[in-house]
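> I would like to see how this sequence folds:
(2 chains)
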Number of protein chains: 2
Amino acid sequence: MTQHPSAPTHHLGDEAIHTYFDNSLPPALTIQAGDTVVFATREPSNGATARRLAANPPADLDPDLVILIAAAARPEVSTPMGGHALTGPVYVAGAVPGDALDVTIIEVRPTAWGWTGVGPKNPLLGDLFPEWTTHYWDLRAGDHAPFGQDIRIPLAPFCGVMGVAPAEPGMHPTPPPRRGGGNMDIRQLTAGTVLTLPVLVPGALFSTGDAHAAQGDGEVSGTAIECDATVTLRFDLRKGAAPAWPSFRTAGPLAPRTDTGPHFAATGHDTDPRAAARAALLGVFDYLERERGLTRPRACILASACVDLRISQVVNAGLWTITAFLPLSIFVREDR
Amino acid sequence: MTQHPSAPTHHLGDEAIHTYFDNSLPPALTIQAGDTVVFATREPSNGATARRLAANPPADLDPDLVILIAAAARPEVSTPMGGHALTGPVYVAGAVPGDALDVTIIEVRPTAWGWTGVGPKNPLLGDLFPEWTTHYWDLRAGDHAPFGQDIRIPLAPFCGVMGVAPAEPGMHPTPPPRRGGGNMDIRQLTAGTVLTLPVLVPGALFSTGDAHAAQGDGEVSGTAIECDATVTLRFDLRKGAAPAWPSFRTAGPLAPRTDTGPHFAATGHDTDPRAAARAALLGVFDYLERERGLTRPRACILASACVDLRISQVVNAGLWTITAFLPLSIFVREDR
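As a prediction, this is how the structure comes out:
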């Protein structure tokens, strides 16, 4: 991959929003390999969360934060398929199927606020949350988000969705991730990481969005710290080097801001990995409820922002052991 | 949990090997809460690997290492159910069902050699490995294991099996992990971590074994760096505080010796998490074969020792995104 210090920088904003993948979408921008693009990206509800808050501001929220959120209450737009609001597509000149598209993540800069929700539609835990709960995050500190008085989540922003257009014609919904990337929600795709995607159609037709200010491995509530953002990416091509599935290379350690001290962890074993993951998460929720006084919805929202789900083993007598890790460094007080 | 600086230390060795869990096994040792026990633990083949090597030493193995391994070729013992060779059980006076047993991992010290194998019985990848391949590891450096000339795996030893007797009567095989622990293969159970298990029968009846000198999350080949070891554990009780499933608290960051620099990662998405994990692992194997010149069996053996499987997301349209992380710091040469 050649460095191109003098290559141009392009900008893409609201004019380039689309809500599905489709290889017949006209390019919003055409670039050369080596170019950089600054994307204005939208949180996945595309303003609906801000509109709801503006219509009925919670009494317990900082009035200055309410004003900031209400300013993002963009008018509702009717969009086909109603998926994530994606910015793009970007046509990379010369890209053909079989090439590798290297996407260097230069910066992901959230705006001043974010949100996380959990409710009955959650595919892993929905039965535990019969009512929808939304938490609004204050991101104005820049490097962390407070959660009540005693908890701070370090920010590690990335894009939940980064992908190229599928080879198959037609409109494709945004929620499922695919071979060409998409809604992967891989939290290590932070600044410095180089993501490699296979090019599947001429020009690659890359789009991004769904920025997350922070997320644990698993995104267990179904939403991370969802936010509007400014995202700077550089695009390079390697001819004929397409991987079968997305791969990436990080610039350094995997969680330099949360893996800094002791963790509480809980585990579960089951032939069904969803059941094992649920047992592990319930162990973490129990800890957060019992030891930290959180309600269960708040425990789940916190977990989605910072608890990592890992596969401890997948080879023992047909069972999965899945472990959920809570970094205790998020607790501000010393009695942690 | 009270500290007991003057509490006694006990020793348990070969005399206390058993190969199944059973709450009618007579205790090999009875201790008080607060006591420490030093266990001699056996690798899971209980000498068979060393016997095979002694009968037909590989020509390419360091003769000094061959001598060390051959010295561990203990005579074959006929054992019921033929599971992991476990040391115990330890009866903790006063423990009753409903109590929490806190096991503080003070030290896990491997002997001078270890082994990892992969073959057709592997439940995740067996079809890729029609023949059994064994790698013998030289652990004499103490803090790392070389893998060829250019790769070094930092050691982070722990016990693959730590568990209490099940409440259900009868003989239970060792491979499946259970609510009371057992063959969990959780690689963060290293020195300094406190593991909490629910007590399920009077006295808890704790056993341990299957020490691993190093392992990645997932133990993807089905074996880690398997080794005989000396294991020092302290036992404390908390009355009525049994967790539903095992939980633990680490003493510090999760992977201080491998999460020190860039990682190569590959990912997969599928409704079947095994298919997603396979895609992710194949991406890492491809990297190790193409960029590092390893054969596929050696790539799998290396991955089992140091590649972490993580659940990136479990909430997107019924698909699992599973990512495999290879720490590039294991490569000694600078061109990594």
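> Now do the buried residues in stretch A:149-164.
Within stretch A:149-164, the residues scored as buried using 16 or more other C-beta atoms under 10 Å in any protein chain shown are A:151-164. Backbone N, C-alpha and C define where each C-beta goes, glycine included.
> What residues sit buried inside stretch A:269-286?
A:269-270, A:273-274, A:276-286.
> contacting residues around the residue most central in space within chain A?
In chain A, the residue lying closest to the centroid (C-alpha atoms, centre = their mean) is A:Gly160, at 2.9 Å. A:Gly160 sits next to A:Pro44, A:His84, A:Asn183, A:Met184, A:Asp185, A:Gly209, A:Asp210, A:Ala211, A:His212, A:Gln215, A:Glu219, A:Ala224 when contact means C-beta atoms under 8 Å, 6 or more residues apart in numbering or on different chains.
> Please repeat the previous calculation with a cut-off of 6 Å.
Contacts of A:Gly160 were listed using C-beta atoms under 6 Å, 6 or more residues apart in numbering or on different chains, and they are A:Asp185, A:Asp210, A:His212.
> one step back: in strands only, show me the buried residues of stretch A:149-164.
Using DSSP state E, the subset of these located in strands is A:Ile151, A:Arg152, A:Ile153, A:Pro154, A:Phe158, A:Cys159, A:Gly160, A:Val161, A:Met162, A:Gly163, A:Val164.
> does the first one really touch A:Ile330, like I thought?
This means A:Ile151. Yes: look at A:Ile151 against A:Ile330 with C-beta atoms under 6 Å: they come within range, at 5.3 Å.
> rewinding a little: list the single closest residue to the residue nearest to the centre of chain A in space, sequence neighbours excluded.
Leaving aside its sequence neighbours, A:Gly160 sits nearest to A:Asp210 (C-beta to C-beta, 6 or more residues apart in numbering or on different chains; 3.5 Å).
> And A:Thr104, by the same measure?
Nearest residue to A:Thr104, sequence neighbours excluded (C-beta to C-beta, 6+ apart): A:Arg234, at 4.3 Å.
> need the helices for the stretch 1-150 of chain A, in chain order.
A:48-55, A:63-70 (DSSP state H, counting those that start in this stretch).
> quick one: which of the contacts of A:Gly160 is nearest to chain B?
Of all the contacts of A:Gly160, chain B sits closest to A:Asp185, with 3.9 Å by C-beta to the nearest C-beta.
> Not counting sequence-adjacent ones, nearest residue to the closest one?
Counting by C-beta to C-beta, 6+ apart, the residue nearest A:Asp185 is B:Gln313, at 3.9 Å.
> so what's A:Ala191 up against?
For A:Ala191, the residues meeting the contact criterion (C-beta under 6 Å, 6+ apart) are A:Ile105, A:Glu107.
> re the thing from before, could you dump the helices of the stretch 1-150 of chain A into TSV and include mean pLDDT and distance to B:Pro262?
Rendered in TSV, the data for those read as follows (pLDDT from 0 to 100; distance: least, C-beta to C-beta, whole Å):
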stretch	mean pLDDT	distance to B:Pro262
helix A:48-55	95	36
helix A:63-70	96	36
